[in-house]
Each structure stands twice: as C-alpha cells, then as structure tokens.
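Engineer: Sharing a sequence plus its predicted fold:
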4 protein chains.
Amino acid sequence: MKRMARERVTKDPEERRQELIDAAERLFMERGYEATAVSDIVQEVGVAQGTFYYYFPSKEEILEAIIEKDMAALEDDVRKITEDPNLDPAAKINAIVNSIIGISSSRKEIMDYLHKESNAVMHEKMERHLIERLVPLMAEVVSQGVAEGRFDVQHPTEAVEFLLASMVYFFHHPEIFADPARSKKMRSTLETILGRALGMKDYGFVLVV
Amino acid sequence: MKRMARERVTKDPEERRQELIDAAERLFMERGYEATAVSDIVQEVGVAQGTFYYYFPSKEEILEAIIEKDMAALEDDVRKITEDPNLDPAAKINAIVNSIIGISSSRKEIMDYLHKESNAVMHEKMERHLIERLVPLMAEVVSQGVAEGRFDVQHPTEAVEFLLASMVYFFHHPEIFADPARSKKMRSTLETILGRALGMKDYGFVLVV
Amino acid sequence: MKRMARERVTKDPEERRQELIDAAERLFMERGYEATAVSDIVQEVGVAQGTFYYYFPSKEEILEAIIEKDMAALEDDVRKITEDPNLDPAAKINAIVNSIIGISSSRKEIMDYLHKESNAVMHEKMERHLIERLVPLMAEVVSQGVAEGRFDVQHPTEAVEFLLASMVYFFHHPEIFADPARSKKMRSTLETILGRALGMKDYGFVLVV
Amino acid sequence: MKRMARERVTKDPEERRQELIDAAERLFMERGYEATAVSDIVQEVGVAQGTFYYYFPSKEEILEAIIEKDMAALEDDVRKITEDPNLDPAAKINAIVNSIIGISSSRKEIMDYLHKESNAVMHEKMERHLIERLVPLMAEVVSQGVAEGRFDVQHPTEAVEFLLASMVYFFHHPEIFADPARSKKMRSTLETILGRALGMKDYGFVLVV
DNA sequence: AATGAATGAGATTTCATTCAT
DNA sequence: AATGAATGAAATCTCATTCAT
C-alpha cells in the first residue's frame, strides 16, 4: 500500500548486468556458490531483489554467465595463441598451459582468504566448460605437432584431455601456490610430464607459476 | 507428548548403521548429496527420522562415513598391492591404477541412471580423501622404482599427485565408460602417459577399463 | 522450484510488522512463549511462514520487539510523570506505582484464561528490562524527595530496586487481582510499605489496584 | 538383537535417585533447565537413558524433586528458627532473612560461571515454592511480633509476601554478590526497609551478605 | 533395577522465486 | 527498468519418551 522506492537508480542494462555478475563472482569465490544467497548479491550491488530476476532467470543462470564470461576470455587467449603464426606447436602448448595456470594462481588470493573449504559446484562447472572448450583447440595444436614430427601422440584428443585434467587440479587447489617450495616442485614436475606425455625428445617446457 | 510407536524393530547397532550408510550411499549417487533428504534415507531403511540422528550427528557426517568406508577399502587394496613382494614397482603401479579405475567404472551404472548433472560435493570430498591417502603410498612405490633404476622421476610425490589428478577425472566422468570406443582410446592413452611420465623406457602398462 | 501464491496481500511494512507483533504478544500471553510456534503466529495473521522471517530474524527477536514496545510505553508514561512540574516527589512515586500496577492488572484477563502455569521466559525478560529502565528514573525522583526533606533514604537506587522487585511480583502473579479481598489487602500493605520504606512521616499513598 | 549391556552397576535405589537429582541440579544451574537434555543427565551419572525414566516419570518431575529438596531444607532451617524459644520475633525474622540470602549467595558461584543468561523456568518454580512455604511460617512470627508490640503491621501475610518478593530478587540476580560495593549498599538498604516495613521503632537488623 | 535402541512429532529457519505496483 | 514485500516448500535437527529385553 505504501510503496516508497528508495531512490531508484537506473543504469545502462549492460552495466547493471555486469555489476551483478561481478558481485556474484566475487561472493561465490569468497563464500562458495551455495553459501551465497541471491539477497547477498543484490545487497552488494544495491538493487532490489526483483532486479536480479529481471536480469537472470535463476541463480544458476548467473553462475553460468560468470563461467561463460571467464571461459570465453580464456578461450580467446588460447585461440590467439593457437593462431599465432610465429609459434611452433610446442611453444603454443607451453603458452596455453601458462595461461591456464595463470588463472588458477590469480584465484588464490581471493580464494583462500575465507573458506578454503571450497566450492565444489562452481569448480565442477568450470572444469566441465574448460575441458569442453579447450580440448578441441589444443588437440588441433597437438595434431599439428605430430604432423610436424615434433610430438609423438596416438590420440591427441584423449592425451590433451588427460593433461587438462591434471591442470584442473590446480583450480581445485589454489593453496598449492601458497607454498613456494611445493609450487616449484609442482611446476618442474609438470614441465617434465608435459614434455614426456607429448613424446618430445627434448622437453623444454618453461612454466611460470 | 509422543504418540505411539508402529512396530519397533531393534537391531544390532552396527547393522543399523550399515543399513543407513548403504541406503545413503545409494541415494547420494542416484540423486546427489544435496538432492537427498535425510527423510529419504530413513524412509528407505524403514526407520524413524530420529533414528538417523541417533547414529549420525548430521547429514554431512554420514557422507564422511561413506567416503571413509570407500576410501578405507581402496587404501586397503592399494596397501596390499604395495606390500606384495612378488610385484616389481611397475607392476604395482599398474595394479593400483587398475584398482582405482575399477571403482570408477563400477560407479557408472548407478551414477548415470539419473542426474548425470552429478554430485559436486561428494566428488570433491572423495577426490581430497583419495589423493591424501594414496599419494604417500604410491610415492613410496615410485621411489623404490627410481632406486631400482626402473623409473626416472625427480619428485615422486608431485608426479604421483599429477597422475592421480588425471585419474580422479574418471571419478567425475563415469560416462566415459559408456562409450566403448572412447573408453579404449582413453585406456591406451593412459597406458602410454603413465609409462612416459614415470620415465620408463619400455612402458608396458596394461590397464583394464 | 516454488508453487503458486494464494492471493498475495501486500501491506505497508510497518503495519505488517505491527500485526505480527500484536498477534505474537497475544499468543505468547495465552499459551506462553515456548508453547507458541511461529506457525501459530503467521496463521493468526494470515501470512506465509516466510513473511515472519522477512520481518524478524528469529522467534526470540519478536519477543524482544514486544517487550521493547511495552517497556518503551511504560517508560514513556513514567517519564511524563517524573517531568510533571505539578507533582511533588511523593505524588510522582505514587503515580508511577499506579502505572506499573495498571499494566499488571490489565494482563490478568488475558493471562489466566489459559495456562496460569505461566510464562517464565517472558516474565524474566520483562522484569529485567523494566528494572533496568525504571530504576534510574525513579531513583532520580527519590533523590529529589530526599533533597526536599520529603523522603529519608540513604541509597535511592537500591531502595528503588527493592521496591520495584516487589512490584514485579505482581507481574508474575496476576491471579492476585482475581480475588478482591486479597487484592485489597495487598494494596493497603503496599501503600504502607512504600511510605515507610521511603521514610515518610505521613505515608499517604493511594494505590488503585 | 545384540544386547550387550556395558557392565551394569546396580545401586541402592535411593542412592541412584540422589545421584540423578544431584547431577540434574548441577546441570540445570550451569546450563539452564531447557538447555539440559535428559541425555546429559544420564551421561553425567553414567547410566542408561531408560534408567532416568525408571526413577522419574518425566524431566519436569526431576525439577520438582530438586526444588522440593532445596525448599524442604530451607523450610527446615526456617522452622527451627521460628521454634527457637531463645529468639524474639525480630531476631527470628533477622535469622530467616539471613538464611534465605545465604542460599542465594552460595548459588552465585555455580550460577554465573556459565550462562548468566539465566534460568527462567527454574527460578519461577523456586520462587513459587519458596513463597508458598515460607509465607505462613514468617507470617506467624510477624503476628507474634505484633502481639508483643514489637512490630506494627496490619496484614502480616501480605507484608511478608512483599518482603519475600524482594528477597527472591536475589535469587534471580546472584551477580549482585559479585560486586562488593553494590552488595554492601543492598544489604544496608534491606536492613532499613525490613525494619521500617515491620514498623519497628529501632530497626536493628543485621544482615550477612 | 537397568538397558539403550528407537521413536516421531514438531520446531525453527532458509531462500530461490514471484508478482503487483 | 526496477522495486521489495510476500511466498511456501522443504530441510535439518532436537529430545522427551517408550519399550522390548
């Protein structure tokens, strides 16, 4: 009956949408997907509950949007690398792996400051998307490498899938980056395994963790 | 203040506890952890709601119990293998990997009949426990292999961690086993990667998927 | 995930809040705090369970709100009396005591129609709040009376505290007012004790029970 | 089916009963009546859940038993005082008040070490019983005092009721005794009020707080 | 006299979602 | 484009009490 809207701020829809996505991403990472309520998100942005549903049909949908955004950015980076004519297949794989690890380690700061207890739902979704989108791209690079005699791999798609699975492990365990000694061993091990798995004689991968 | 009981069946506590764990495990796999209510579990077993809480202080605690049980069984298998004097390190690793894959594929049947959308929370918990418990055991075997000149690995613990991470992938994706062609390629790829990652000249791993 | 609403009535939040407080207060008095379920309250008001929690974070919080409301009203009455320039200290104390007794006796009707067994939790909370808020006000009046030579009291705060403690007794025992003979004796006794306790030569208190 | 009783210890019923009462009293005071579960009590004593119900028909009943025990002891003390031929009425009242305050202050130690948040239900019950049992005894003493010209009171029963109500206040607020300064003022105030309320010319009460 | 597994009603609370304005 | 009060299903958990042994 009384309907006093508290100073209604209208914004460019795309901007509002981004605000919501950004707030949600931050909260999901800090507290986890399940532990974050829609009401937390709107409060953060300073809009009404209904506004959320004006932009997203459901809470799950904004998670998809977040992941879509992140994965699109990653895929973009990766695609640029695969299409770079100045890089040979090995250098491409090297660069791609560095990109992926980069995301993971950047996650660390925000991730472990609260609830390291994790975020199973978000992780799972990210993993799925990441693998779905990157496997074809990387498999193509590996195939090139095989054709050029640089790699020795029978099933590029499956090989890449395994390697990515290992890498996803970093996503789940950003705490690894907190311990420099451990971090260093992991990097060196990954460099070796990568080279060996791709069947290179001289595995000169250089990772930047 | 209470009404009247409806044919009260008393059992050996250990048996009751098992019934509850078994029912919960089945339901968690079919519908997922979140989607399963405690009321579903007790209905399945045919006891009162309170009985559940007589045995477990919370829903999360029964999940821990399930995982504990499964992981203890797996660790047991693995330990038997590691202690088998008739097996050389390579054979041990081979057998262990087969054990792990075995669990995963057995999971398939029950897992994908509903909600392939899965069970992030349970997976995450399993992965963590599995890696925590198996890494030391396997690292020991790898170290032996290195000492015997069979393997060539700098950081056994980290190498094993990566390999297990790949394997965990099977846990998360039991649907892989549904497609025989894919299944075969995966197996063959894993055999190769495993051998190469451990630095064997002759990687003669034989996996049974 | 939700079903469908059944004629949604929107009201001014302040009004809704009051409806809830009023219903809760009535029920708490009739059945007691513990014996009243949140579901009883919302049913009474005709809103959904969730609506309650939209206004109050917990059942305990609405009890606080009720007491806060009642005590604020009482304090208000008392403050008006203490600030009345036409009354001398004795008249002020007299009026205040009448106010307090007034609340108690009004409580009788609603209180004893069910469960005279009472409402310990609510009583305790009320007592605490009542004493906390009224002691300073009344002590001030007593101090004035002492200064004016009207009262003879060494420790006004403590004296007032004891007198209020006696009065609180009425809160706990509204059944006293049911028996006129008893009621009369109590009144007359209180009038005497009050005058004597404050050290008045001529204790002319007149209470209206 | 399996029924392994864990070393069944049989005791004299009266002793068992006392153990239960003592454990319950301690727990009720430490945590409050509501916050103490029957399972806490039996655990404390080291008997089975069912044993509790062998001795007491309900949780409320053991509370009654506790209060009964405490009040009987108090009544006993008080009765001894009232029947003491060496004491005059004023000395009797003085001694009785000291008894009551003694219980309250002894309560302090156990009471405020945890949850000062109090114990409304228990307090209420105690208050009721205490007043019911002591009013007649004390009213008799006051009447004697009046007959002997020592006191000047119109309605002994009601006067005593008021005084007891004040005293009960100590039961509810054992924290008073924690602050010596406050404690002293309260005592002195009570001594004065007591004398005045009973209409003594020379109110020489001496309380021991 | 004692056990302890089993009961089950019921209470509080959460929160994604809706919808009238 | 935005609001925010209202929804209500459902979930977890508590605990006094019972009863077969």
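Structural biologist: Noted; the coordinates are in hand. Residues are numbered from 1 along each chain as shown, chains lettered A, B, ... in the order given.
Engineer: For chain A, which residue gets nearest to DNA strand F?
Structural biologist: Scanning chain A for the residue nearest DNA strand F gives A:Gly50, at 1.7 Å (criterion: CB to the nearest atom of the strand). Backbone N, C-alpha and C define where each C-beta goes, glycine included.
Engineer: tell me the pLDDT at that residue?
Structural biologist: We have a pLDDT of 94 for A:Gly50.
Engineer: Tell me how far it lies from chain D.
Structural biologist: A:Gly50 sits 40 Å away from chain D, taking CB to the nearest CB, to the nearest Å as the criterion.
Engineer: C-terminal to the host helix or strand of that residue, what's the next element?
Structural biologist: According to DSSP states H and E, A:Gly50 maps onto helix A:49-55. Moving toward the C-terminus from helix A:49-55, the next helix or strand (DSSP H and E) is helix A:59-82.
Engineer: The residue in chain A positioned nearest to chain D - how many residues pack around it?
Structural biologist: The minimum distance from chain A to chain D, using CB to the nearest CB, falls at A:Ala35 (27.9 Å). The number of residues packed near A:Ala35 is 14, by other CB atoms under 10 Å in any protein chain shown.
Engineer: State the pLDDT value of it.
Structural biologist: 87.
Engineer: cool, and A:Val206?
Structural biologist: pLDDT for A:Val206: 79.
Engineer: Run through the helices of chain A in chain order.
Structural biologist: Under the criterion DSSP state H, helices of chain A are mapped to A:13-31, A:38-45, A:49-55, A:59-82, A:89-111, A:120-147, A:156-172, A:180-197.
Engineer: As JSON lines, those with distance to D:Thr10 and mean neighbour count would be great.
Structural biologist: Output for the helices of chain A, formatted as JSON lines (distance: least, CB to CB, whole Å; neighbours: other CB atoms under 10 Å in any protein chain shown):
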{"stretch": "helix A:13-31", "distance to D:Thr10": "54", "mean neighbour count": "17"}
{"stretch": "helix A:38-45", "distance to D:Thr10": "58", "mean neighbour count": "17"}
{"stretch": "helix A:49-55", "distance to D:Thr10": "63", "mean neighbour count": "14"}
{"stretch": "helix A:59-82", "distance to D:Thr10": "60", "mean neighbour count": "16"}
{"stretch": "helix A:89-111", "distance to D:Thr10": "59", "mean neighbour count": "18"}
{"stretch": "helix A:120-147", "distance to D:Thr10": "52", "mean neighbour count": "19"}
{"stretch": "helix A:156-172", "distance to D:Thr10": "57", "mean neighbour count": "23"}
{"stretch": "helix A:180-197", "distance to D:Thr10": "60", "mean neighbour count": "19"}
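Engineer: Where among these is average confidence lowest?
Structural biologist: Among the helices of chain A, helix A:89-111 scores lowest, with a mean of 82.
Engineer: helices or strands next to that one in the packing?
Structural biologist: The contact analysis (3 or more CB pairs under 8 Å, 6 or more residues apart in numbering or on different chains; DSSP states H and E) places helix A:89-111 against helix A:13-31, helix A:59-82, helix A:120-147, helix A:156-172, helix A:180-197.
Engineer: Export those to CSV and append columns for distance to C:Val208.
Structural biologist: Output for the helices and strands packed on helix A:89-111, formatted as CSV (distance: least, CB to CB, whole Å):
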stretch, distance to C:Val208
helix A:13-31, 58
helix A:59-82, 60
helix A:120-147, 66
helix A:156-172, 74
helix A:180-197, 81
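Engineer: want to throw those into a markdown table with distance to chain C?
Structural biologist: Supplementary listing: the helices and strands packed on helix A:89-111 in a markdown table, determined by distance: least, CB to the nearest CB, whole Å:
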| stretch | distance to chain C |
| --- | --- |
| helix A:13-31 | 19 |
| helix A:59-82 | 10 |
| helix A:120-147 | 16 |
| helix A:156-172 | 28 |
| helix A:180-197 | 41 |
